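Novice: Mind looking at a prediction? Sequence and model below.
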Amino acid sequence: MRKIQPMRPVISPGDRVSVEIRIGGCYRGTQKGTVLYWTASGRISVKLDGKGEVKNVSPEQVKKLANGLS
């Protein structure tokens, strides 16, 4: 039987995440994507599914879904 690995608590490149989309501070929905990297200013760069659009978002807008491949 395969042992299930616990998720790392820190968001890392390659992790699958759910991103809250906000426009002008108003909630507009959520989208799923993959973390690319952390920026120098402390934001997270995420490639969204679907269009392949890359957004830099605040960590408060991101919820981790799964670990990336190691």
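Specialist: In hand now; what should we look at?
Novice: is it true that residue 27 touches residue 19?
Specialist: No: Residue 27 sits out of contact with residue 19 when judged by C-beta atoms under 8 Å, with a separation of 11.6 Å. C-beta here means a position set from N, CA and C on the backbone, and glycine is covered the same way.
Novice: Comparing these two, which residue is more hemmed in?
Specialist: Neighbour count, other C-beta atoms under 10 Å: between residue 27 and residue 19, residue 19 has more, with 21 against 10.
Novice: Select the longest strand from the protein.
Specialist: In the chain, with assignment by DSSP state E, the single longest strand is strand 26-38.
Novice: C-terminal to that strand, what's the next element?
Specialist: Counting by DSSP states H and E, the element after strand 26-38 in chain order, helix or strand, is strand 44-48.
Novice: what separates stretch 21-36 from the chain centre, distance-wise?
Specialist: Distance, stretch centre to chain centre, for stretch 21-36: 10 Å (C-alpha atoms, centre = their mean, to the nearest Å).
Novice: mind listing what's buried in it?
Specialist: Buried residues in stretch 21-36, counted by 16 or more other C-beta atoms under 10 Å: 31, 33, 34, 35.
Novice: related to what we said a few turns ago, pull the residues that contact the longest strand of the chain.
Specialist: Applying C-beta atoms under 8 Å, 6 or more residues apart in numbering, the external contacts of strand 26-38 come out as 11-22, 44-50, 54-55, 62, 65, 68.
Novice: Now do it against strand 44-48, angle only.
Specialist: 110 degrees (axes from the mean of the first three to the mean of the last three C-alpha atoms, to 10 degrees).
Novice: Using PDB, write out the CA atom coordinates for strand 26-38.
Specialist: In PDB, the C-alpha atoms belonging to strand 26-38 read as follows (Å, rounded to 0.1, in the frame of the first residue of the first chain):
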ATOM      1  CA  CYS A  26     -14.300  43.400  -5.000                       C
ATOM      2  CA  TYR A  27     -14.400  39.600  -5.200                       C
ATOM      3  CA  ARG A  28     -15.000  38.300  -8.800                       C
ATOM      4  CA  GLY A  29     -14.600  34.600  -8.400                       C
ATOM      5  CA  THR A  30     -11.800  32.000  -8.200                       C
ATOM      6  CA  GLN A  31      -9.500  30.300 -10.700                       C
ATOM      7  CA  LYS A  32      -7.100  27.400 -10.300                       C
ATOM      8  CA  GLY A  33      -3.500  27.500 -11.400                       C
ATOM      9  CA  THR A  34       0.100  26.600 -10.700                       C
ATOM     10  CA  VAL A  35       2.600  28.600  -8.700                       C
ATOM     11  CA  LEU A  36       5.600  29.700 -10.800                       C
ATOM     12  CA  TYR A  37       7.600  31.600  -8.200                       C
ATOM     13  CA  TRP A  38       7.600  34.200  -5.400                       C
END
